[in-house]
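Visitor: 3D model of this:
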Amino acid sequence: MSPRSRRGRRPVARRRTRRPGRRRPRADDRLIGLVVAAVLAVVVVAAVVEWLLAHWWVLVLVGVLTALAGGGWLARARQRARWEAVRARGLRYDLAQLDALHHSRFEDAVRDLMRRDGCPDALRVGGGGDLGADVKATDPYGRRWVIQCKHRRDGLSGSAVGTPDLQVLNGTARPVHGADVAVIVTNGRVTTPAVDFARQQRLHVVDRQTLAVWAAGSRPLWELLRAVPPPRKAS
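Guide: Residues are numbered from 1 along each chain as shown. From the prediction side, this is the model:
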């Protein structure tokens, strides 16, 4: 045989012999395991039920402890609610505090004062695209309040609230937000034309002086304003 033929021949591949391995668990074995587990679970549950029936006082004790724990939690929740109501009723601000606030915190303060006065649903909605409403609330008489806040860090020395600000409120408070009472609140000045426009359009202006009385006292805002719409419902 020539060297070329020897080079061209491929070695014959040896057949691999399978080594005996472990058998895979069969479906029957798995089914038997599940049945055994289910039977054991039933036996355990039956034993527990039998023990509880024999020791019924354990169930009574657990029920009493659960009721005591639930009652204690409920009492603490009610106490926290009472404390929160007392804190809200005692909320006070002076003008120096309000002047030092960021404009968004000023809106929060107005919201909290409305809650103090009995408007638990008072919500701050100010921000981009608020359409002239910074705070919304419903008073105990069912009237819907829409409040626009104009904070001036310099107080009376800051820019005055003018007629254009009132026009924005007038254009959105009732048709867009469904206001019964439309209010603009500022810790600064309000121009005379703006006051006249508010009177003509049945808008309400809370200037610096009125804000000082409202924030530092305990009288609700509707007792400080004139010509507020009549109640929708009894208090």
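
Visitor: tell me the first helix or strand C-terminal of whichever strand or helix holds residue 199.
Guide: Applying DSSP states H and E as the criterion places residue 199 in helix 192-200. Counting by DSSP H and E, the next helix or strand C-terminal to helix 192-200 is strand 204-206.

Visitor: and that next one, average pLDDT?
Guide: Average pLDDT, strand 204-206: 97.

Visitor: what of stretch 56-69?
Guide: 85.

Visitor: ok, the closest residue to residue 217 other than its chain neighbours to residue 209 distance?
Guide: Once flanking residues are discounted, residue 217 sits nearest to residue 92: 7.9 Å by C-beta to C-beta, 6 or more residues apart in numbering. Where you see a C-beta, it was placed from the backbone N, CA and C, and this is true even at glycine. Using C-beta to C-beta, to the nearest Å, we find residue 92 at a distance of 17 Å from residue 209.

Visitor: can you check residue 229 too?
Guide: Counting by C-beta to C-beta, the separation of residue 229 from residue 209 is 23 Å.

Visitor: next: residue 158.
Guide: 15 Å.

Visitor: again with residue 67
Guide: Counting by C-beta to C-beta, the gap from residue 67 to residue 209 is 55 Å.

Visitor: which residue ranges form the helices in this structure?
Guide: 3-8, 27-54, 56-89, 95-100, 103-116, 163-172, 192-200, 208-216 (DSSP state H).

Visitor: any idea which of those helices gets closest to residue 145?
Guide: helix 103-116 (6.9 Å; C-beta to C-beta).

Visitor: what does that closest one rub up against?
Guide: 88-89, 91, 93, 98, 101, 122-124, 126, 134-135, 137, 139, 145, 147, 149, 151, 185, 187, 214-215, 218, 221 (C-beta atoms under 8 Å, 6 or more residues apart in numbering).

Visitor: need the winner for burial among the helices of the chain.
Guide: helix 103-116 (a mean of 20; mean count of other C-beta atoms under 10 Å).

Visitor: just want the angle from that helix to helix 208-216.
Guide: Computed by axes from the mean of the first three to the mean of the last three C-alpha atoms, to 10 degrees, the angle separating helix 103-116 from helix 208-216 equals 60 degrees.

Visitor: hmm, back to that, let's have the helices of the chain in JSON lines, adding distance to residue 178.
Guide: Output for the helices of the chain, formatted as JSON lines (distance: least, C-beta to C-beta, whole Å):
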{"stretch": "helix 3-8", "distance to residue 178": "97"}
{"stretch": "helix 27-54", "distance to residue 178": "58"}
{"stretch": "helix 56-89", "distance to residue 178": "25"}
{"stretch": "helix 95-100", "distance to residue 178": "28"}
{"stretch": "helix 103-116", "distance to residue 178": "17"}
{"stretch": "helix 163-172", "distance to residue 178": "10"}
{"stretch": "helix 192-200", "distance to residue 178": "19"}
{"stretch": "helix 208-216", "distance to residue 178": "23"}
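
Visitor: I'd like to know which of those helices lies nearest to residue 179.
Guide: Residue 179 sits nearest to helix 163-172 of all the helices of the chain, at 8.7 Å, using C-beta to C-beta.
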